[in-house]
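In: return a 3D structure for these sequence lines:
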Amino acid sequence: MVPTGGRCFWVPTGVICSFRGTVPQGLVLELGETVQILEKCEGKCDGQEGTPFSMQYETVVPLEDSVVTEVTATLQEWAVLWKQLYVVRHKVDLFYKLRHVMNELIDLRRQLLSGHLTQDQVREVKRHLTVRLDWAQQAGCGRVSVPDVRVSLPAGRMLLNDSKKGPPHLHYRRPYGCAVLSIMDVLQSLSEIKEEKDFVLKVYTCTNENEWCQIHENIIRKSSTKYTAPSSNYGLIISLQLLRGDMEQIRRENPMIFNRGVSVTRKLGFPDVIMPGDIRNDLYLTLEKGDFERGGKSVQKNIEVTMYVLYADGEILKDCISLGSGEPSRSAYHSFVLYHNNSPRWGEIIKLPIPIDRFRGSHLRFEFRHCSTKDKGEKKLFGFAFTPLMRDDGTTLSDDIHELYVYKCDENSTFNNHALYLGLPCCKEDYNGCPNIPSSLIFQRSTKETFSVSTQLSSTKLTQNVDLLALLKWKAYPDRVMDILGRLRHVSGEEIVKFLQDILDTLFVVLDDNTEKYGLLVFQSLVFIINLLRDSKYFHFRPVMDTYIQKHFAGALAYKELIRCLKWYMDRSAELVRQDHIQEAMRALEYLFKFIVQSRILYSRATCGMEEEQFRSSIQELFQSIRFVLSLDSRSSETLIFTQAALLNSFPAIFDELLQMFTVQEVAEFVRGTLGSMPSTVHIGQSMDVVKLQSIARTVDSRLFSFSESRRILLPVVLHHIHLHLRQQKELLICSGILSSIFSIIKTSSLEGDVVEEVEMMVESLLDVLLQTLLTIMSKSQSQEAVRGFSFGQQGEYVSCLLSLLRQMSDTHFQHLLDNFQSKDELKVRKDFLLKIFCVFRNLMKMSVFPRDWMVMRLLTSNLFLEYNVKKFLCLSQVWNSYFSLAVLFINQPSLQLENATPPKRKKILDKYGDMRVMMAYELFSMWQNLGEHKIHFIPGMIGPFLGVTLVPQPEVRNIMIPIFHDMMDWEQRKNGNFKQVRALPKLCLPCSLSAVSSWKQGVCIFLSVSDCEYVM
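Out: Coordinates of the predicted model:
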């Protein structure tokens, strides 16, 4: 309402309740309509005293969605029907069902009118509304059938078909029907859609009421003789939707779902991961079975169990019993009743969300009553059972079935003084602890009656393990602390991960209490827990440990003792025969450093950086101990090999932690010194070779290696170990993987900065040995290919490595490489080196190094050879003959014969690479011209290969080769006075393939025409 002068203008207002309009000028309004008051005037008007200004009013058709309008109309119609159902008493059940659907429609309508939904959410709400409106139209007025989503256990008389049994004011929970849906059967269909999907579940009744507790299993097993379908078509319709993500993400992305009051059901038991701060204390109790006497009656009893949770003072704990998600908590639980059954089997699960501070001293009391159908219908108490929730040692009930004693009592018995029965044994185990029980007690045990329940505790604060409880309560046992710490290894892994935060907090408190006395034991306990999380069963708890270290760990002084203990273990590795504890510490190295670094950060933050030099010095000394362990000769000690292997496996994981405290260069120096302390491969066994290379591989893949400053420090020692293994032809597959990672990192870094120095290191250390390794592998592959065909494997890996190295070499690198062969003593070495390169490329062009369909890789290899490799070395005349042969082989490669490719593929290759045959022909011609007076040495040897080039169906290539033939004839004429050798050779070079005859004829004709012209001249 916005006032302007004496007037107020009103915006449209929704009607929140119906109004009959019985007052003058009153509007008849129904719920859901929209009223718009155009104008209201106060005071006098037109100078006529006492004449009020007339007010305009109207009922406006709302400008709202047609779906909302339809829902509003439907609700108005159903309101009348709903009232009629209330009057008709035999349709009370339908009355409640209709109310449920009406509430659902009202809630969906409210969401749509809120204006806070996204377009996708609006569409989803409309879909739900439309489905329900369509259903209403099909059902029709007076025959509405509303879906229910729960197994029905109706409250009513003992026998549904006997209205005279029992008084009308007593209701019992009785078995009715069961519906089952297999999630596995519908999971696939749910994962394929994003919206809800409806499923129809048929409701079955139990043939024999005594087997009610197993009806769902019988339905799943399809034991049709044990259940029946009711005569009428009863069923449930439920809607399921699969949502992905954690709970916070789901709440954020689907606010509409949670606005409807859905309940979240936690897993029965613990989830896969328990994060720090996730506090839970739920006890799940299953009412299993009972065996009771008839008590002198001719028929069996109708037994109802009532359960209470009572505190130490006898007070009944309020709202500590939950029958299911979404159900309100209650203070008492009543079981369903099986008709005339003295040995009932219930199988009902009840959750007891008891506050932690009320758990100790509390107990459960189960009261047993016979529900009569003949007398006054009263529920007659005839016995009870009980069990404490915690034992005297502070542990809770074990996750097991508990057979409880049943004590006799009647309606006159009083439970006001709970101490009268709490002193009695509750079960057989309890009886063994108090055998001398007087017989003159108010409550006497019924030896022939038993009652069984099972419990499952899901608590992050209460434990069932005595050793774990002693650790968490260590201050209560000051004389047993060392024994308590030693017994932590006997606690099951499940208990440790459940109480991980509490255990870690306790360990560091104990460490601060007396570092000198408990330091080593706390260190061993910490190592044990860290290695427990390395087990595949608990590996998913590692993020929990990370979260604890970052957000909850508070041991600011712990780093000093952790460094001291770790160094103490390493320094003793050369002395001890058994090194189990040392190896465990080496495997836990990653998380030990996480604790060390975080502890130092906390200490530095609290003291403004005090003792920084002492910390850095202790880390330096620790790395000296690490290098000492790796430098030991382990050939005669298998135990020491395992220690070194454990250290190498864990070592790369500590780099990121060190980078929080030291510069990149400092960490790189630590790592270089450590890797450099490892013995060369000739002194250690094959198993350590693998471990060492795996550690180097993880170093290369680490974040530390991605920094150029650290890479220049680490690369020499890494290349040194790779060179040794390649020279000895050991662990070639691992070496190729490391080299591939290095080349990839350097290629990426070259886009951002200068990598000339790093490429230079690789050329000097690897190029020669890489060529030799590749030639050896190719030699073996040729023999294997002849026998069983070629497999890609190692050969392709090393070809890729060589090509990567050559691609990253600049003119400066090539020139520097040639400068290393300038002295006369190195001429043979230079020649051998270049011949290796040509031999490798010759094999690349002749052999099927890459799979047949790897056309891009073949073209890339050819382009690399053309642009980056051969022409860099052509200033050396000793290898010209090899070059000419290689150039001819290059031009005749099948992968370069574009005439055989499809037009689109030919165009794509020409656009990216051009016709590399023409480029190589020009290179060949250029080299021929550079020979000068040495040309005569290649006549007639190169006539045949050059003529083979003219067989390529590429006119430009032939035209390039014509001057070379002319030059050959000219040089032979100068030497011999004729050119008979040049003229005669083409006639001897008949091609073996008919497909090349045409090209051969053209080439010979060109050659003869050239020679004839020359002869005439």
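In: gap between stretch 313-332 and the chain center?
Out: Relative to the mean C-alpha coordinate of its chain, stretch 313-332 is positioned 37 Å out (CA atoms, centre = their mean, to the nearest Å).
In: list the buried residues of that stretch.
Out: For stretch 313-332, burial by neighbour count (16 or more other CB atoms under 10 Å) applies to 317, 320-322. Yep, even glycine has a C-beta here, placed from its N, CA and C like the rest.
In: from these, pick the one nearest Asp278.
Out: Out of these, the one with the shortest distance to Asp278 is Ser322. That distance is 19.0 Å, counting by CB to CB.
In: I'd say that closest one and Ile349 touch.
Out: No - at 10.1 Å, Ser322 and Ile349 do not qualify as touching, with contact defined as CB atoms under 8 Å.
In: where do the strands sit along the stretch 251-400 of the chain?
Out: Along the stretch 251-400 of the chain, the segments classed as strands by DSSP state E, counting those that start in this stretch run 281-291, 303-310, 332-334, 345-352, 363-371, 379-388.
In: can I get those in TSV with mean pLDDT and distance to Leu236?
Out: As requested, those are exported to TSV (pLDDT from 0 to 100; distance: least, CB to CB, whole Å):
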stretch	mean pLDDT	distance to Leu236
strand 281-291	91	24
strand 303-310	94	27
strand 332-334	93	24
strand 345-352	92	20
strand 363-371	92	28
strand 379-388	91	31
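In: out of these, which gets nearest to Lys912?
Out: Nearest to Lys912, of all those, is strand 281-291, at 65.3 Å by CB to CB.
In: now for the closest one, which elements pack on it?
Out: Strand 281-291 is packed against strand 303-310, strand 345-352, strand 445-459, with contacts defined by 3 or more CB pairs under 8 Å, 6 or more residues apart in numbering; DSSP states H and E.
In: and if we set it to 7 Å?
Out: strand 345-352, strand 445-459 (3 or more CB pairs under 7 Å, 6 or more residues apart in numbering; DSSP states H and E).
In: and of those strands, who's closest to Tyr333?
Out: Distances from Tyr333 to each of the helices and strands packed on strand 281-291 were compared by CB to CB, and the smallest falls on strand 345-352, at 5.6 Å.
In: dump the strands of the stretch 251-400 of the chain to TSV, plus distance to Asp535.
Out: Shown next, in TSV, are these (distance: least, CB to CB, whole Å):
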stretch	distance to Asp535
strand 281-291	26
strand 303-310	37
strand 332-334	39
strand 345-352	30
strand 363-371	36
strand 379-388	35
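In: of all the ones you listed, which lies closest to Thr547?
Out: Smallest distance to Thr547 across the strands of the stretch 251-400 of the chain (CB to CB): 20.6 Å, for strand 281-291.
In: any idea how far that closest one is from the chain center?
Out: On the basis of CA atoms, centre = their mean, the separation between the geometric centre of strand 281-291 and that of its chain is 35 Å.
In: export only the CA atoms of that strand, formatted as PDB.
Out: Taking only C-alpha atoms (Å, rounded to 0.1, in the frame of the first residue of the first chain), the coordinates of strand 281-291 have been written out as PDB:
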ATOM      1  CA  ASN A 281      25.500 -41.200  18.100                       C
ATOM      2  CA  ASP A 282      22.800 -43.600  16.900                       C
ATOM      3  CA  LEU A 283      22.000 -47.000  18.400                       C
ATOM      4  CA  TYR A 284      20.000 -49.200  16.100                       C
ATOM      5  CA  LEU A 285      18.000 -51.900  18.000                       C
ATOM      6  CA  THR A 286      16.200 -54.800  16.300                       C
ATOM      7  CA  LEU A 287      13.400 -56.500  18.100                       C
ATOM      8  CA  GLU A 288      14.200 -60.000  17.200                       C
ATOM      9  CA  LYS A 289      12.100 -62.600  19.000                       C
ATOM     10  CA  GLY A 290      10.600 -63.900  22.200                       C
ATOM     11  CA  ASP A 291       9.600 -67.200  23.800                       C
END
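In: give the buried residues for that strand.
Out: Neighbour counts over strand 281-291 (16+ other CB under 10 Å) mark 281-290 as buried.
In: one step back: among the strands of the stretch 251-400 of the chain, which comes closest to Asn976?
Out: With CB to CB, the closest approach to Asn976 among the strands of the stretch 251-400 of the chain belongs to strand 281-291: 105.9 Å.
In: between that closest one and strand 303-310, how many degrees?
Out: Here the directions of strand 281-291 and strand 303-310 differ by 150 degrees (axes from the mean of the first three to the mean of the last three CA atoms, to 10 degrees).
In: give me the contacts around strand 281-291.
Out: In this structure, residues lying in contact with strand 281-291 by CB atoms under 7 Å, 6 or more residues apart in numbering are 268, 303, 305, 335, 343-354, 356, 401, 449-459, 461-462.
In: check what pLDDT Val997 gets.
Out: On pLDDT, Val997 comes in at 46.
In: what's the helix or strand for Ser800?
Out: helix 793-808 (DSSP states H and E).
In: then that helix to PDB, C-alphas only?
Out: Taking Å, rounded to 0.1, in the frame of the first residue of the first chain, the C-alpha atoms of helix 793-808 are listed here in PDB:
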ATOM      1  CA  GLY A 793      55.800 -52.000 -27.900                       C
ATOM      2  CA  GLN A 794      59.200 -50.600 -27.000                       C
ATOM      3  CA  GLN A 795      60.300 -49.700 -30.500                       C
ATOM      4  CA  GLY A 796      57.500 -47.200 -31.000                       C
ATOM      5  CA  GLU A 797      58.100 -45.800 -27.500                       C
ATOM      6  CA  TYR A 798      61.800 -45.000 -28.300                       C
ATOM      7  CA  VAL A 799      61.000 -43.800 -31.800                       C
ATOM      8  CA  SER A 800      58.700 -41.300 -30.200                       C
ATOM      9  CA  CYS A 801      61.400 -40.200 -27.700                       C
ATOM     10  CA  LEU A 802      63.900 -39.700 -30.500                       C
ATOM     11  CA  LEU A 803      61.600 -37.700 -32.600                       C
ATOM     12  CA  SER A 804      60.600 -35.600 -29.600                       C
ATOM     13  CA  LEU A 805      64.300 -34.800 -28.900                       C
ATOM     14  CA  LEU A 806      65.100 -34.000 -32.500                       C
ATOM     15  CA  ARG A 807      62.000 -31.700 -32.700                       C
ATOM     16  CA  GLN A 808      63.100 -29.700 -29.700                       C
END
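In: related to what we said a few turns ago, with mean neighbour count added, can I get the helices and strands packed on strand 281-291 in CSV?
Out: Written out in CSV, the entries for the helices and strands packed on strand 281-291 read as follows (neighbours: other CB atoms under 10 Å):
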stretch, mean neighbour count
strand 345-352, 18
strand 445-459, 18
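In: need those strands in a markdown table (columns: distance to Val667).
Out: Below are the helices and strands packed on strand 281-291 laid out as a markdown table (distance: least, CB to CB, whole Å):
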| stretch | distance to Val667 |
| --- | --- |
| strand 345-352 | 51 |
| strand 445-459 | 43 |
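In: what about the residue positioned nearest the centre of the chain, which SS state?
Out: With distances taken as CA atoms, centre = their mean, the residue of the chain nearest its centroid is His540 (9.0 Å). Secondary structure assignment for His540 (DSSP: H, G, I helix; E, B strand; the rest coil): helix.
In: rewinding a little: indicate which one of the strands of the stretch 251-400 of the chain is closest to Phe508.
Out: Where the strands of the stretch 251-400 of the chain are weighed against each other on CB to CB, the nearest is strand 281-291, at 24.1 Å.
In: that concludes my questions; thank you for your assistance.
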